[in-house]
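Asker: test case, fold it:
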Amino acid sequence: MSKVPLGNNRTITGIPNHLIEELLGKIRLSSVFEQLYGVQPIIIGAEQYALPCVFHEETKASLRINDTLGYYHCFGCHASGNAITLVYHHIGEKNYLKAVQILSKMYDEGIYRQIVSHIKDKNSLINPNDYKKVVGAVRKKPVSINAPVEPIDVNRREEIYREIMEVAKKFIGSKSIPESDTAKKYLISRGIDKLVENFSVGFLPKGDMLKMIKIVDKDVHPDELVKSGLISEKHQNNFSGRIIFPLVEDNHVKGIAGRALDPKNEIRYLYNKGFEKKNYLYMNGTIRNYINTNCSVLLTEGLFDMLTLHASGMKNATTTLGALLTQEQFEKIKDIQKIHFIYDGDRAGFLGSVKAIEENVGKGNLFFVVPMEKGKDINDVFKGKSFSEVKNYIYDKRILISTKMDKSVNINSLNKLEEYGMSLGIDYSKDKEISDILTSLNEKVIKGISAEKPADIPQKKNTLKM
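Answerer: I've put the predicted structure just below:
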């Protein structure tokens, strides 16, 4: 996660910048809004959210949150900042030193203690009442927001998702709609056009989604589309001009994802309102069977990455919808012997891999990191490759991390992992977040430290030999 300065060259007297950056790097800004104001931000893209501004009266969602950058901005009143400035305004005091203490105590006790150690004036230290005022009660928003829409029945919502996918499939590649033809050509350029039918990939042109879905369901009501998170309350089609994917898990459609065709569109992936990525892994029946049969899973960052591997015959590939395997996602594959991270060749991909491994090593799994060249992704490396070529690449390059191996193998693997990070341009002397994770991972692997000592996960027949 990138770090955002306070703005206007402001610094917090006496507190080293690296502590501020480390603190901001550990925080999801959207969660700070939830805790301080009791609001539920609306998902509008990968790590991007919207909500009615908490700083001025309004009923529309003018405030944007970017969790990747750790930054918020309101297009109405122009309030902007990061997690520290949010707490600063929330406590109603012109005191950044107090704000950073409260924020660090909320999210990382270790950083809080370090910050306190740098404060020379003991009168500047927060007291329990300062902290309780913030975390003890949710401040009421200065806005009058309409009551939340009553949730739609889960079965009806899934039916609507399937209906909109049926419509979207009718539009994909339509010669009468230029954008749709462009979408088809894009899929061809990515080498995944032959998977359109198997994965129910479609396209939604610009226009009234209600009219589109009535092609297959004349009785659908616009409120049902609103409650399903597909259109806004003003009936705006949130997915117009996007390639559409059903988000399948064990043959249930949990939501809809839309991929922008325009490279200038800052919101590359859009998900229906209410969909939570952290709880989801793409898992249709075929993928589940191949993963279970081989006791091996290939984790990718995105839907297109997953499809690229499937186009090469790697049918045990799925996606975490971002460079992060959450604990909720891990629970879904914790019984799988071999877990491969095939993330992009950049800092985010490396961080996501090592962070997830550090959190779960010692639980009986064999974790593998599959290196990519700096700046390359799955499409760059595997597009158009055969099953054998992809399998051999993964098998030859993967780095095994596990507490189940002997010490010499562990040391060799950890050295390779660190070398991979350096090949991506990561400077461990400056990147404290990754450095700390690798240090902890080294300790856990070499010493065989584990919070639990579960029985070994049974090895299953491995037809893919990976």
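Asker: I'd like the next helix or strand past the strand or helix carrying residue 408.
Answerer: Using DSSP states H and E, the element containing residue 408 is helix 407-423. Counting by DSSP H and E, the next helix or strand C-terminal to helix 407-423 is helix 432-447.
Asker: can you give the contact residues for that next one?
Answerer: 18, 22, 25-26, 347, 350-351, 354-355, 357-358, 361-362, 401-403, 407, 410-411, 413-414, 417-418, 421, 426, 428-429, 449-450 (CB atoms under 8 Å, 6 or more residues apart in numbering). Backbone N, C-alpha and C define where each C-beta goes, glycine included.
Asker: which positions within that helix qualify as buried?
Answerer: 433-435, 437-438, 440-442, 444-445 (16 or more other CB atoms under 10 Å).
Asker: so which of these comes closest to residue 81?
Answerer: Of all those, residue 81 sits closest to residue 433, with 21.2 Å by CB to CB.
Asker: quick one: pLDDT of that closest one?
Answerer: At residue 433, the model reports a pLDDT of 93.
Asker: re the thing from before, restrict the helix holding residue 408 to CA atoms and write it as PDB.
Answerer: Provided in PDB are the C-alpha atoms of helix 407-423 (Å, rounded to 0.1, in the frame of the first residue of the first chain):
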ATOM      1  CA  LYS A 407      17.100 -26.700   7.300                       C
ATOM      2  CA  SER A 408      19.400 -26.600   4.300                       C
ATOM      3  CA  VAL A 409      16.400 -26.600   1.900                       C
ATOM      4  CA  ASN A 410      14.700 -23.900   3.900                       C
ATOM      5  CA  ILE A 411      17.700 -21.600   3.900                       C
ATOM      6  CA  ASN A 412      18.200 -22.100   0.100                       C
ATOM      7  CA  SER A 413      14.500 -21.300  -0.500                       C
ATOM      8  CA  LEU A 414      14.500 -18.200   1.600                       C
ATOM      9  CA  ASN A 415      17.600 -17.000  -0.100                       C
ATOM     10  CA  LYS A 416      16.000 -17.500  -3.500                       C
ATOM     11  CA  LEU A 417      12.900 -15.600  -2.300                       C
ATOM     12  CA  GLU A 418      15.000 -12.600  -1.200                       C
ATOM     13  CA  GLU A 419      16.900 -12.700  -4.500                       C
ATOM     14  CA  TYR A 420      13.600 -12.600  -6.300                       C
ATOM     15  CA  GLY A 421      12.500  -9.600  -4.400                       C
ATOM     16  CA  MET A 422      15.700  -7.800  -5.200                       C
ATOM     17  CA  SER A 423      15.300  -8.700  -8.900                       C
END
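Asker: which other helices and strands contact it?
Answerer: helix 347-360, strand 399-401, helix 432-447 (3 or more CB pairs under 8 Å, 6 or more residues apart in numbering; DSSP states H and E).
Asker: of the buried residues of helix 432-447, which pair is most distant in space?
Answerer: Longest span within those, CB to CB: 433 and 445, 18.8 Å.
Asker: residues in contact with the one helix or strand residue 299 maps to?
Answerer: According to DSSP H and E, residue 299 maps onto strand 296-300. With contacts defined as CB under 8 Å, 6+ apart, strand 296-300 is touched by 291, 306, 309, 314, 316-320, 325, 333, 336-343, 378, 394, 462, 464, 466.
Asker: so, low pLDDT: which residues of the protein?
Answerer: Within the chain, the ranges that satisfy pLDDT under 70 run 1-13, 46, 59, 94, 128-152, 173-176, 449-466.
Asker: quick revisit: now, which of the contacts of strand 296-300 lie within strands?
Answerer: 317-319, 338-341 (DSSP state E).
Asker: what is the most widely separated pair among the residues you listed?
Answerer: 319 and 338 (17.1 Å).
Asker: pull the number of nearby residues for residue 377.
Answerer: By the criterion of other CB atoms under 10 Å, residue 377 has 22 neighbours.
Asker: tell me the contacts of it?
Answerer: Residue 377 neighbours (CB under 8 Å, 6+ apart): 301, 305, 344-345.
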